[in-house]
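S.K.: model this:
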Amino acid sequence: CSTGFSMPDFWEIDHQAFLLMCSSVQKALFEEEDHVKKLQQKVATLEKRNKQLRERVKKVKRSLRQARKNSRHLELVNQKLNEKLGAPAGRIPHLNALKPEHARASYLRG
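M.R.: Next comes the predicted model:
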């Protein structure tokens, strides 16, 4: 184990036990470093996905604003059209409610 110091004589641990302890500590450190790398990769992946989702939300909000704007514009156009047609209370009569001036029942003729 490269700890930078020599083992004192008063320790009652033999050299093999000391090396075994060092190797287990090194193994634990390597495992921890590996775990940290994996977590950093996960964080990077999640941050990238979060950024993508934020962009998507931005686009959806923009589309919603545009759709509302278009809807308001169409309501105004419809209102003006109804006023020009003279429809009461901004309603256009249903097509079936309109009667042609010279309705003929030609299908009844035999």
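S.K.: only C-alpha atoms from now on, for both contacts and neighbour counts.
M.R.: Fine.
S.K.: what is the burial count for L85?
M.R.: 13 (other C-alpha atoms under 10 Å).
S.K.: ok, so what distance separates N50 from L39?
M.R.: Per C-alpha to C-alpha, to the nearest Å, N50 is found 16 Å from L39.
S.K.: one more: R62?
M.R.: 34 Å.
S.K.: give me the neighbour count for K80.
M.R.: Neighbour count for K80, taken as other C-alpha under 10 Å: 13.
S.K.: give me the element it is part of.
M.R.: helix 15-85 (DSSP states H and E).
S.K.: show me what that helix is packed against.
M.R.: Of the remaining helices and strands, none touches helix 15-85 by 3 or more C-alpha pairs under 8 Å, 6 or more residues apart in numbering; DSSP states H and E.
S.K.: switch to numbering from 22
M.R.: Understood, numbering begins at 22; the last thing we discussed is helix 36-106.
S.K.: average pLDDT across it?
M.R.: On average, the pLDDT along helix 36-106 is 91.
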